[in-house]
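> Fold the following and give me the result.
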Amino acid sequence: MIGLETIQKAIDYMEAHLEDGIRYEDVAAYVNMSPYEFHRTFSFIAGITVNSYIRNRRLSLAGQELLNSDVKVIDLAMKYGFDSADGFAKAFSRFHGVSPKYARGNGAQLALYNPLSIQVSLVGGKKIDYRIEKLPSRKFLAVAKTFPVEIINEEGNEDIAVFWEESRRSKLIEKLQLMRNAEDSRLFGLCEPLAEHQTFFDYGIGIFLEENVREEELFAKMDESLKEHIRLWTVEESTYVVFPCIGSDGDCISKTWEFFYKEFLPQSSYVSSEKTDFEIYFENGSKNLFCELWIPVD
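Next comes the predicted model:
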């Protein structure tokens, strides 16, 4: 579990190395966390991804240098990690609302993005709706795809939603559903890091595999188009904290993750674990229940 002191340590490191071409994986290594866990935890606690924070700070500092010195635009671009003056100018214009040339010539008021600072505030005072489940090792069949860690909690990113839509449109989910137990109406959204130092993770849409099912027989009778995309996904034995995600779309999942990191963990004796986390989608769930979020903890 990343604590406030770890976040402050990460912020201090970023501030000291804004001119050094660092990325989130460098910061993760500095605070002894995997890129996956650090990026996800920081983004939900800080409300911004690490790379976005670094980019905003660089552009903010570049704007002040532009106003207060005679530095060339190309030199500013190189100093703050841009490959070209053109790429820098485009990013500068998006961030500040004006081009570097206009800013210097007209004394425009540029955007400021100050360093993050850790502040302690009182939280809690309300009932937390959750339960703890001890889950033995389980196997799933899943249509899976690999994604870069950077997309986690990235503003406006729809990659996971697009993956769901593509899997529905290609009938892969429908074929999966036909293979599950007749009494089981659940679909699982499975998520796991690939390796400790990897900057990618796997996300899968899956069904629960009954213990008495022979895997070789299952694959032998599987639809060929499904077989090309399927993988056997094993979830290790673990303790899970389970939250209901209440809402009409996937935004409630992000809000629940934010609550987990900001409020639940600091008030509990648990620490987060880098095992598979997953969502459960019910065909006939409770009113307003979008899904259940299962997060592994130790």
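> for the chain, what are the low-confidence residue spans?
Scanning the chain for pLDDT under 70 picks out 1-3, 105-107, 118-128.
> how's it carved up into domains?
For the chain, automatic domain parsing gives the domain ranges 4-106, 131-297.
> want to try CSV for these, with distance to residue 115 and mean neighbour count as columns?
Heads up, the C-betas are built off the backbone N, CA and C, glycines and all. Shown next, in CSV, are the domains of the chain (distance: least, CB to CB, whole Å; neighbours: other CB atoms under 10 Å):
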stretch, distance to residue 115, mean neighbour count
domain 4-106, 6, 17
domain 131-297, 20, 16
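> Let me know which of the ones you listed is the nearest to residue 117.
Proximity to residue 117 (CB to CB) singles out domain 4-106 among the domains of the chain, at 7.8 Å.
> about what we covered before: tabulate the domains of the chain (CSV), appending distance to residue 112.
Shown next, in CSV, are these (distance: least, CB to CB, whole Å):
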stretch, distance to residue 112
domain 4-106, 6
domain 131-297, 19
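> Please enumerate the helices of the stretch 51-200 of the chain.
73-79, 85-96, 100-106, 159-169, 172-177 (DSSP state H, counting those that start in this stretch).
> Of these, which is nearest residue 129?
Residue 129 lies closest to helix 159-169 among the helices of the stretch 51-200 of the chain, at 24.1 Å (CB to CB).
> so what does that closest one touch, helix or strand wise?
Helices and strands touching helix 159-169, by 3 or more CB pairs under 8 Å, 6 or more residues apart in numbering; DSSP states H and E, are strand 138-148, helix 172-177, strand 200-208.
> Check which helices and strands the helix or strand containing residue 10 sits against.
Assigned by DSSP states H and E, residue 10 belongs to helix 4-16. Helix 4-16 is packed against helix 24-30, helix 35-46, helix 50-68, with contacts defined by 3+ CB pairs under 8 Å, 6+ apart.
> Can I get those helices in CSV including distance to residue 139?
What follows is the helices and strands packed on helix 4-16, written out as CSV (distance: least, CB to CB, whole Å):
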stretch, distance to residue 139
helix 24-30, 30
helix 35-46, 22
helix 50-68, 34
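> Other residues contacting stretch 274-281?
Stretch 274-281 has contacts (CB atoms under 8 Å, 6 or more residues apart in numbering) with 34, 36-37, 186-193, 233, 235-236, 238, 245, 253, 290-296.
> what would the helices and strands packed on helix 159-169 look like in a markdown table with distance to residue 82?
Formatted as a markdown table, the helices and strands packed on helix 159-169 follow (distance: least, CB to CB, whole Å):
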| stretch | distance to residue 82 |
| --- | --- |
| strand 138-148 | 20 |
| helix 172-177 | 40 |
| strand 200-208 | 25 |
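> can you tell which of these is closest to residue 116?
Closest of the helices and strands packed on helix 159-169 to residue 116 is strand 138-148, at 23.2 Å (criterion: CB to CB).
> From residue 209, how far off is residue 231?
Residue 231 sits 11 Å away from residue 209, going by CB to CB, to the nearest Å.
> so what sits against both of these two?
Joint contacts of residue 231 and residue 209 (CB under 8 Å, 6+ apart) are residue 141.
> picking that back up, of the helices and strands packed on helix 4-16, which is nearest residue 101?
Closest approach to residue 101 among the helices and strands packed on helix 4-16 is made by helix 50-68 (9.6 Å; CB to CB).
> how far is the closest one from where the chain is centred?
24 Å (CA atoms, centre = their mean, to the nearest Å).
> who's in contact with it?
Applying CB under 8 Å, 6+ apart, the set of residues contacting helix 50-68 from outside is 10, 14-15, 18, 22-24, 27, 38-39, 42-43, 46, 48, 71, 73, 76, 79-81, 88, 91-92, 95-96, 100, 103-104, 107, 110-116, 150, 154-155.
> which residues touch residue 288?
For residue 288, the contact set (CB under 8 Å, 6+ apart) comprises 246, 247, 248.
> Contact partners for the closest residue to the second one other than its chain neighbours?
In other words, residue 247. What sits nearest to residue 247 in space, not counting adjacent residues and going by CB to CB, 6 or more residues apart in numbering, is residue 290, at 5.0 Å. Contacts of residue 290 were listed using CB under 8 Å, 6+ apart, and they are 245, 246, 247, 248, 249, 250, 252, 253, 281.
> closest to residue 225 out of the helices and strands packed on helix 159-169?
With CB to CB as the measure, helix 172-177 is the member of those nearest residue 225 (7.5 Å).
> Give the bridge partners for residue 293, please.
Judged by DSSP bridges, the bridge partners of residue 293 are residue 243, residue 279.
> Since that was my last question, I'll sign off now.
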